[in-house]
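Visitor: sequence first, then the predicted structure:
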Amino acid sequence: MFKRTEENVLAFVLLFAVIGTAAHLVNVSTVWGPAGQHFTLFDFFSALPAAFLGLWSGLAAVLIAKLAAVLVLGMPLDGATMLRLLPPLAAGAFFYAYKKNVQTNGTKTKLVQFFQFGFPLLAIGLFIFHPAIFGTAAMLFALYWTIPIIAALLPSNLYLRALGATFSQHAMGGVLWLYFVPGFANPSIWLALIPVVAIERTVFAGGIAVSYKVVDVAVNRVSAFLRTADGRPAVSPQAVRKKK
């Protein structure tokens, strides 16, 4: 993580927010996912800021980017728009938790464990016990949300970390759409989405993993430049993290 100065944190929060806002303008797909929803380039790296900035600063960067995109794109501030603000935060929280699973203690350990295990289990329970879903074959859809749990139990692997993050986002979005978007309390919709989600999230996990590598290189260079400009020796974020 970066050296925790207010200037560095603010600079990188704003940088991620600007890039994230611009990424909303690049549509990746208008087919995958629930009807009327489209995915953008932002979905490929919405999980990343927490990995570089820390949990709360990273989630703040994601939220700023989402809100700015709403203004730039002229989207209405209706219920559906507000619901779309939340799933990327779940992805960021899992990406952070996966990285920190052996480096925390006390209260933070409980928070990390919730992101890794508690939240997926909560999402599964809310989905399968919904009155429209319980007792139908659509309950199988919730098995996708065991993937973050499995990923958290396996040795550290960037692709698994990305897969867990994108399915955490998917779990949040799935539960919100089921409970709050009219028309989605229909088992046939979720059954039809099962094969679509397999392709969709596999691709997104790959995009997140690649984006992480790209952003990691870019952040190293920006951090080195800022330190050099400030008259201090250039030290990469990795070096700071290893030192800690």
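Guide: That came through fine.
Visitor: tell me how far the nearest residue in space to residue 194 that is not next to it in sequence lies from residue 117.
Guide: Once flanking residues are discounted, residue 194 sits nearest to residue 141: 6.0 Å by Cβ to Cβ, 6 or more residues apart in numbering. Quick note: C-beta positions are derived from backbone N, CA and C, even for glycine. Here the criterion is Cβ to Cβ, to the nearest Å. By it, residue 141 lies 19 Å from residue 117.
Visitor: residues contacting the residue nearest the centre of the chain?
Guide: The centroid of the chain falls nearest to residue 91 when counting by Cα atoms, centre = their mean (2.2 Å). The neighbours of residue 91, taking Cβ atoms under 8 Å, 6 or more residues apart in numbering as the test, are 46-47, 165-166, 168-169.
Visitor: closest to residue 148 among the residues you listed?
Guide: Relative to residue 148, the closest of these is residue 168; by Cβ to Cβ it sits at 5.0 Å.
Visitor: on that earlier part again, I'd like to know how many residues surround the residue nearest to residue 194.
Guide: Residue 141 has 23 neighbouring residues, counting by other Cβ atoms under 10 Å.
Visitor: surely it meets residue 124?
Guide: No. The criterion here is Cβ atoms under 8 Å, and residue 141 misses it with residue 124 at 9.7 Å.
Visitor: joint contacts of those two?
Guide: If you check residue 141 and residue 124 against Cβ under 8 Å, 6+ apart, no residue is contacted by both.
Visitor: alpha carbons of the helix or strand encompassing residue 167, as CSV, please.
Guide: For residue 167, the element it lies in under DSSP states H and E is helix 158-180. What follows is helix 158-180, C-alpha atoms only, in CSV (Å, rounded to 0.1, in the frame of the first residue of the first chain):
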residue,chain,number,x,y,z
LEU,A,158,-4.5,-13.5,-9.1
TYR,A,159,-7.1,-15.1,-11.3
LEU,A,160,-9.0,-16.7,-8.4
ARG,A,161,-8.9,-13.4,-6.6
ALA,A,162,-10.4,-11.7,-9.6
LEU,A,163,-13.0,-14.5,-10.0
GLY,A,164,-14.0,-14.2,-6.3
ALA,A,165,-14.3,-10.4,-6.7
THR,A,166,-16.5,-10.5,-9.8
PHE,A,167,-18.8,-13.1,-8.2
SER,A,168,-19.0,-11.0,-5.1
GLN,A,169,-20.2,-8.2,-7.3
HIS,A,170,-22.5,-10.6,-9.0
ALA,A,171,-24.0,-11.7,-5.7
MET,A,172,-24.7,-8.2,-4.6
GLY,A,173,-26.3,-7.3,-7.9
GLY,A,174,-28.3,-10.5,-8.1
VAL,A,175,-29.9,-10.1,-4.6
LEU,A,176,-30.6,-6.4,-5.2
TRP,A,177,-32.2,-7.1,-8.6
LEU,A,178,-34.3,-10.0,-7.2
TYR,A,179,-35.7,-8.0,-4.3
PHE,A,180,-36.0,-4.5,-5.7
